[in-house]
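Engineer: The amino acid sequence is not available; the structure is as follows:
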């Protein structure tokens, strides 16, 4: 199985270069494809600054606003596959966002993923989140209308009237078959990618990889709202993980090796294990924190 990275970014090119440097160092020979989704006018600068790190660079230049691109990020991924990805070499595609840290080789991080499987971090049935997750609970009228439009689409296009599946779109691995089917369908501009993609994966009969350690923090879940920092290593609310928390994880043999979000340069040459633990101790003794 050929694993590849789709590096999805839109700003902070200096941080992006730091991320790409780390990805290249840890994953020699793994294809890294660039998906730029920022301002179209900045696409040439993005390619100039970062093109040397990519096996292929693609810019989504449709005149869409930042909010639309965030809510409908699946449209950007589908456009990439339609225009470029379908001709490139890969079997399973790991979506790596610019503000993520991957602190181990891809083959180690995704060893549990079998050919043809999809991985969505936080995969849950609708019934578990519908009371408190804003995208499904119906309190916001716009989100409710979008949710209902997606249900109607599923029923009309696929005859599917079952339960929605949802996730936190942080750690994601997609098999080629999923994107082939998704692009052929012409992805609907309704719904939110965090319930749209896993639900359509179910509709397509794509098997899920669930034997993995990527358990994100659902900030709005009453049961986990006060979770400690170590349980917030993967969060979708923009709560940056501190450098000291990252060091503590790197020092643990079974510590987290994917972090989100982390929006600063990172010392990519720092190995996990004892060196990270020594640096963490030095920072504690020096009274430094970030």
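Structural biologist: Looks like it arrived, so ask away. Here the structure is a predicted model, which means the values were calculated and not measured.

Engineer: Residue 275 and residue 286: what is the separation?
Structural biologist: 16 Å (Cβ to Cβ, to the nearest Å). For every residue, glycine as well, the C-beta is placed using N, CA and C.

Engineer: Between the two, tell me which one has more neighbours.
Structural biologist: residue 275 (14 against 8; other Cβ atoms under 10 Å).

Engineer: secondary structure element for the more buried one?
Structural biologist: Using DSSP states H and E, residue 275 sits in helix 274-285.

Engineer: Buried residues of that helix, list them for me.
Structural biologist: Of the residues in helix 274-285, 276, 279-280 count as buried by neighbour count, 16 or more other Cβ atoms under 10 Å.

Engineer: and which of those is nearest to residue 25?
Structural biologist: Comparing those against residue 25 with Cβ to Cβ picks out residue 276 as the nearest, at 15.7 Å.

Engineer: if I read this right, that closest one contacts residue 251, doesn't it?
Structural biologist: Yes - using Cβ atoms under 8 Å as the test, residue 276 is close enough to residue 251 to be in contact (4.6 Å).

Engineer: Averaged pLDDT, stretch 209-222. What do you get?
Structural biologist: Mean per-residue pLDDT for stretch 209-222: 96.

Engineer: before we move on, back to that, what helices and strands are in contact with the helix holding residue 275?
Structural biologist: helix 243-251 (3 or more Cβ pairs under 8 Å, 6 or more residues apart in numbering; DSSP states H and E).

Engineer: Run through the strands of the stretch 151-290 of the chain in chain order.
Structural biologist: With strands called from DSSP state E, counting those that start in this stretch, the stretch 151-290 of the chain shows them at 165-166, 172-175, 258-259.

Engineer: who's in contact with the last one?
Structural biologist: Put plainly, it is strand 258-259. 100-103, 109, 170-171, 214, 233-234, 241, 246, 249 (Cβ atoms under 8 Å, 6 or more residues apart in numbering).

Engineer: Closest to residue 73 out of those residues?
Structural biologist: Using Cβ to Cβ, the contacts of strand 258-259 come closest to residue 73 at residue 170, 11.9 Å.

Engineer: Which residue ranges of the stretch 1-150 of the chain form helices?
Structural biologist: 13-26, 43-50, 66-71, 73-83, 106-109, 126-129, 141-153 (DSSP state H, counting those that start in this stretch).
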